[in-house]
Structures are given as structure tokens and as C-alpha cells.
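A.B. asks: turn this into a model:
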Amino acid sequence: MPVPVVEISATSRYLAALRRSTGPRETVVLGAGLAPGLSTTLVADMASAPDDEIDVGVMLGTGEHHGTAAVAWTIGLIGQDIFASPDGMPVTNFRQSRVLPGYGGERPRRHLRADFPDHVLLGTTARPAAVRSHLAMTDALSTRALALAARRPRLRALVGRAPHVGSDRWRITVVNRRRGEVRIARGRAQSAATGVAAVLAAERAVELSDGGCRGLGAVTMADLTTSVAVADRLCESGRPTRLVGQPGTRSAGSDR
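C.D. replies: Model prediction:
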């Protein structure tokens, strides 16, 4: 009896290959966690049309120690093109930016284009919108350092040596440019929240596959649950999470 597999990787190329290699009698959850994962459900829960453009902004806390693998993943993006970019042309990580709205009284923040895989995970849907992901740090100086390293890749080693200053808050912002709809999820301790979301994905995969007796194939968290359910589970686990929808709010700025 095949055992459901939950993959927390955020590497687009790897997840695309894993999807291709997954058979219909297997169950593999692609991209379980916050980004992808919660971000995937936020995009999927938002109404969209084929020609829509959706921005996903991932802000991570510079005050949290993210671990060697997470730092290496971020450094590895520097100088690399986004895999299967929906733009139809090469787009290099961290060289383009977009200003995305904040929550409540928070000011809009500049985010750098980054190869989070939601455009790959959701690109096989019947009516896919163009999804573009972006990364920012709670410390604006760290975001600027990533942008500088993207222009001068020899500086990439300095990114891993940055001190852990600032907060451990994270935020995911999803914007539909045409509709002007904005949805925001925010919380603290991204690493712990990723683990909680992955556990929820595992539980749902086991439940929907009848304990592994029935293969679901390659699925995403959006196939298993909703953004509201993920936020509820985070709250139940002692990780308070705010999920906010702001219809009619327009995103500030533009791609550069």
C-alpha cells in the first residue's frame, strides 16, 4: 500500500520533475508549508480569470534563524533565472521588484521577484492565471542586500552572514491586479508554522486517499484544503495567524 508523501521543498524545477514522475496510484503532496502551501491555497481561493495577473508576496522575518538549508536555498537563487517563468522570457531572481500593500497601518513594501513555485504548482489548472512570486525581508536593508547581490553575484556569500536582527514575523500577500483584490496571511515563527502546515497536509492526504489505499497522484495543498483551514490549524497549534481579505484594495507601484 503506497504511503502518501509530503514534500516541503520550495524548488520549482524539482517539484515540476516530481509531479511528472508521480504515478496515478501514488499520493505526493507538492509544496506543503507556508510558501508554497498556504500561499498556494490563498491564490487558489482567489477568484481569477485566465488573463489575470496575480502577485504573491512572501515576507520573512530577519529575526528568525531559518537554518542552513533555507539560507542555502535563498543564496542559490542569486544569479539564476526563474524556472518556467510565466513571462515568456528569462527573468532573473531578485532583479525585478514590485511594491505590495501592507496590512492595516503598515506601509507598502518592496518585494523582489523570486522563484517560489506557485506558478508551477497552479499552472496545470484548467484556467491558470499568471502567478508571479516575490520575496522581502522584514528588515528592508536585508531586502536591498538581496537586490544588490543579484546584480553582483560575487557578494552572495555575504547574504548568509547577515545578522538575525528584527522580528520573526512573516506575511504572505496575494494581489489580483485586475480585480484589485488583496488577501493577506500573517503570523510569527515561519519555520514552526511550516511544520504545522505540513502536518495538516499529511493528515488530509491520508484522509482523502483512504489511508493510502487510493492514489491521488501529485497534488498541492490547494487540492487538499483551504487557506482558512490552514490558518485555523495554525491558531489551534498556538501560532496565532491573521487571515485578511481586502476586496477593492489596489496594489501600489509596478514591476521594475
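
A.B. asks: give me the neighbour count for the closest residue to Val58 other than its chain neighbours.
C.D. replies: Counting by C-beta to C-beta, 6 or more residues apart in numbering, Val58 lies nearest to Ala35, which is 4.4 Å off, once chain neighbours are set aside. Every C-beta, even on glycine, is put in place using the N, C-alpha and C of the backbone. Other residues lying near Ala35 total 27 when counted by other C-beta atoms under 10 Å.

A.B. asks: Ala35 touches Arg171, doesn't it?
C.D. replies: No. Between Ala35 and Arg171 there is no contact under C-beta atoms under 8 Å: 10.3 Å.

A.B. asks: shared neighbours, these two?
C.D. replies: Val58 (C-beta atoms under 8 Å, 6 or more residues apart in numbering).

A.B. asks: after the longest helix seen in the chain comes which helix or strand?
C.D. replies: Assignment by DSSP state H gives helix 190-208 as the longest helix of the chain. Moving toward the C-terminus from helix 190-208, the next helix or strand (DSSP states H and E) is strand 217-220.

A.B. asks: model confidence over that next one, on average?
C.D. replies: Mean per-residue pLDDT for strand 217-220: 97.

A.B. asks: doesn't Val6 belong to a helix?
C.D. replies: No. Counting by DSSP: H, G, I helix; E, B strand; the rest coil, one finds Val6 to be strand, located in no helix.

A.B. asks: how near is it to Leu216?
C.D. replies: Here Val6 is placed at a distance of 12 Å from Leu216 (C-beta to C-beta, to the nearest Å).

A.B. asks: just the mean pLDDT for the longest helix of the chain, thanks.
C.D. replies: Averaging pLDDT along helix 190-208 gives 96.

A.B. asks: what does stretch 41-49 give?
C.D. replies: Mean predicted confidence for stretch 41-49 is 92.

A.B. asks: intersection of neighbour lists for Val6 and Leu216?
C.D. replies: Ala205.

A.B. asks: now do the helices in this protein.
C.D. replies: Going by DSSP H, the chain shows helices at 12-21, 39-45, 68-77, 118-121, 140-151, 156-159, 190-208, 221-224, 227-236.

A.B. asks: any chance of these in CSV, with distance to Asp51 and mean neighbour count too?
C.D. replies: Converted to CSV, those look like this (distance: least, C-beta to C-beta, whole Å; neighbours: other C-beta atoms under 10 Å):
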stretch, distance to Asp51, mean neighbour count
helix 12-21, 22, 16
helix 39-45, 15, 25
helix 68-77, 28, 15
helix 118-121, 15, 27
helix 140-151, 29, 17
helix 156-159, 36, 14
helix 190-208, 30, 20
helix 221-224, 20, 24
helix 227-236, 23, 19
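
A.B. asks: right, and the ones you listed - which one's nearest Pro128?
C.D. replies: Closest to Pro128 of the helices of the chain is helix 118-121 (C-beta to C-beta; 8.5 Å).

A.B. asks: quick one: end-to-end distance for stretch 6-22.
C.D. replies: 12 Å (C-alpha to C-alpha, to the nearest Å).

A.B. asks: what's in contact with that stretch?
C.D. replies: Against stretch 6-22 from outside (C-beta under 8 Å, 6+ apart): 28-33, 35-37, 73, 82-84, 115-117, 119-121, 124, 194, 198, 201-202, 205, 217-218.
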